[in-house]
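>>> Build the 3D model from these lines:
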Amino acid sequence: IPTLEVFLYVPLIEAALGENATLSCNVTEYDSGLFYWYKINHEYMIQTVAQGYFKKVKLEAQFKILRFDIQTVGNVYLLIIKNIQKEDEGTYLCQAGEAYRMAFINGTKLGVKQNDVQTSQETTLLGNRTTAATIVFQTIRVSHQITQIGASLGDTVTLICNVTGHRNLSIYWYKVNYGDIIQTVASRGLYRVTLEAEFSSPRYSIMKAGHVYCLTIRNVRKEDEATYVCQAIAANKLAFINGTHLAVNDHKNRMFVNVKQISETMSVLVGTEITLECSFTLLEINKERDRCAAEHSVFWFKAGSQADPGTMYAARNICDTEAGRSCSYRLSKTIQNPSDTGIYHCAVVTCGEILFGGGTKVELGSKKKMGSSCHWTRSVVGSLCDRHCLPNFLKKLNV
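Numbers count the residues shown, from 1 in each chain. This next block holds a predicted model:
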């Protein structure tokens, strides 16, 4: 049973607060029934925005607000977002086809600029894979929907998809990494599971045991590092069953880079300005590695919740303070209301890797601050960290 791969990269469109955006999906070649629109952001692995059958498409409950609308013009579906808000930022993907032949048609990354705009200005941005620059999808933040496993080069890993409770279904395994949005690894039609051509080497195999599908990867390589998700399709309904992030520890080429956030917890009052600090240290002297590490980018993000999907802040790529082989970055922010509290993480992108700081929890309370720290280096990928910290896992940018 064939599956289709149409695109590898996702274009970026940017909108200011209050503007309108129209995202389009042309299903001319896949006009056979099912249609889904998904959103990927910092909090959720994948959210369903709209779904339907034979052009009767409806928005999901949380998107049934006046700002969102979906229309069809011939074989083109239009997702319209009015009066754009910061929480609309994310990657939007559309999928179409029939139960045994689904395809991701295209994707659009919507970035929301923080600058002020006149809300009366009617600006429409059309996202149709022809707008603005091409970017790679950099990270899917690990949430409760994604489990993590670590492996070393040469290991064998088995990923599980339990479809108990789903009957008369077809199965898809997808690979999500940082150069390709989604690749189909395997699919099951009426009778058997088939690996896609790119994954048909002896290193990959898939088997079924009762209601459990097992995807096995042998002789693990660095390029296998990614998030693997399985999707079940039954009775014209699609469901993402689970996801697993595979982190591959390459001991021979580890970077010996340390990323550390200075404070683990801050208790503050509303109106207080806080300063978060993140240090980036190269632990080994090596000219080639030094040159690579010098070209790094720093981001800050606040972990979200169901009500708030998270906020991303870009930092200047200039050290606020520099000492020897260490560089420190700071983010100053005023806590204006309870929604500004949460866990803030720094992320350093360098030498093809993303390294996360342990996080600083900002909470309302007294002005007492706790100064303990949590950190990790690439050499401890896959080990368990202190319960206050994010798991130790690095992600490869497949640029």
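
>>> Which parts of the stretch 201-350 of the chain are strands?
204-209, 212-217, 226-234, 237-249, 257-261, 265-268, 273-282, 297-302, 311-314, 321-323, 326-334, 342-350 (DSSP state E, counting those that start in this stretch).

>>> Residue 24: which of those is closest?
Across these, residue 24 has its closest neighbour in strand 237-249 (20.7 Å, Cβ to Cβ). C-betas here are computed from N, CA, C, even on glycine.

>>> what angle sits between that closest one and strand 226-234?
Between strand 237-249 and strand 226-234, the angle comes out at 160 degrees (axes from the mean of the first three to the mean of the last three Cα atoms, to 10 degrees).

>>> buried sites along strand 237-249?
238, 240-249 (16 or more other Cβ atoms under 10 Å).

>>> What of stretch 68-80?
For stretch 68-80, by 16+ other Cβ under 10 Å, it's 68, 70, 77, 79.

>>> Stretch 268-282 now?
268, 272, 274, 276-282.

>>> where exactly do the strands run in the stretch 51-200 of the chain?
Along the stretch 51-200 of the chain, counting by DSSP E, counting those that start in this stretch, strands occupy 56-59, 68-73, 76-81, 90-98, 101-113, 124-127, 134-135, 146-152, 157-162, 169-176, 183-188, 193-195.

>>> For the fourth one, the averaged confidence score.
Which is strand 90-98. Average pLDDT, strand 90-98: 83.

>>> Pairing partners for it, with directions?
Strand 90-98 has the following strand partners under DSSP bridges: strand 34-40 (antiparallel), strand 101-113 (antiparallel).

>>> what's the closest of those to residue 147?
Closest among these, using Cβ to Cβ: strand 34-40, at 17.6 Å.

>>> Buried ones in the closest one, by neighbour count?
34-40.

>>> thinking again about what came up before, for the buried residues of stretch 268-282, give me CSV that also has pLDDT.
As requested, these are exported to CSV (pLDDT from 0 to 100):
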residue, pLDDT
268, 88
272, 89
274, 89
276, 87
277, 87
278, 87
279, 85
280, 81
281, 79
282, 73
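
>>> which of those lies closest to residue 350?
Among the buried residues of stretch 268-282, and counting by Cβ to Cβ, the member closest to residue 350 is residue 280, at 7.8 Å.

>>> How much space separates the closest one from residue 210?
Distance of residue 280 to residue 210, given as Cβ to Cβ, to the nearest Å: 48 Å.

>>> And the pLDDT at residue 67?
Confidence score, pLDDT, at residue 67: 94.

>>> can you count the residues close to it?
Look at residue 67: counted by other Cβ atoms under 10 Å, it has 13 neighbours.

>>> Now tabulate the strands of the stretch 51-200 of the chain in TSV and tack on distance to residue 218.
Output for the strands of the stretch 51-200 of the chain, formatted as TSV (distance: least, Cβ to Cβ, whole Å):
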stretch	distance to residue 218
strand 56-59	41
strand 68-73	43
strand 76-81	40
strand 90-98	30
strand 101-113	27
strand 124-127	40
strand 134-135	33
strand 146-152	11
strand 157-162	8
strand 169-176	16
strand 183-188	14
strand 193-195	13
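
>>> Looking at those strands, spot the one closest to residue 20.
strand 124-127 (4.9 Å).

>>> between the strands paired with strand 90-98, which gets nearest to residue 193?
The closest of these to residue 193 is strand 101-113. By Cβ to Cβ, the value is 14.8 Å.

>>> What are the buried residues along the closest one?
In strand 101-113, counting by 16+ other Cβ under 10 Å, buried: 101-110, 112.

>>> ok, now stretch 335-352?
Buried positions in stretch 335-352, judged by neighbour count with 16+ other Cβ under 10 Å: 335, 340-352.

>>> mind putting the strands paired with strand 90-98 in TSV, distance to residue 163 included?
Listed next are the strands paired with strand 90-98 as TSV, based on distance: least, Cβ to Cβ, whole Å:
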stretch	distance to residue 163
strand 34-40	18
strand 101-113	16
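
>>> any chance of these in JSON lines, plus distance to residue 161 and mean pLDDT?
Converted to JSON lines, those look like this (distance: least, Cβ to Cβ, whole Å; pLDDT from 0 to 100):
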{"stretch": "strand 34-40", "distance to residue 161": "18", "mean pLDDT": "85"}
{"stretch": "strand 101-113", "distance to residue 161": "16", "mean pLDDT": "79"}
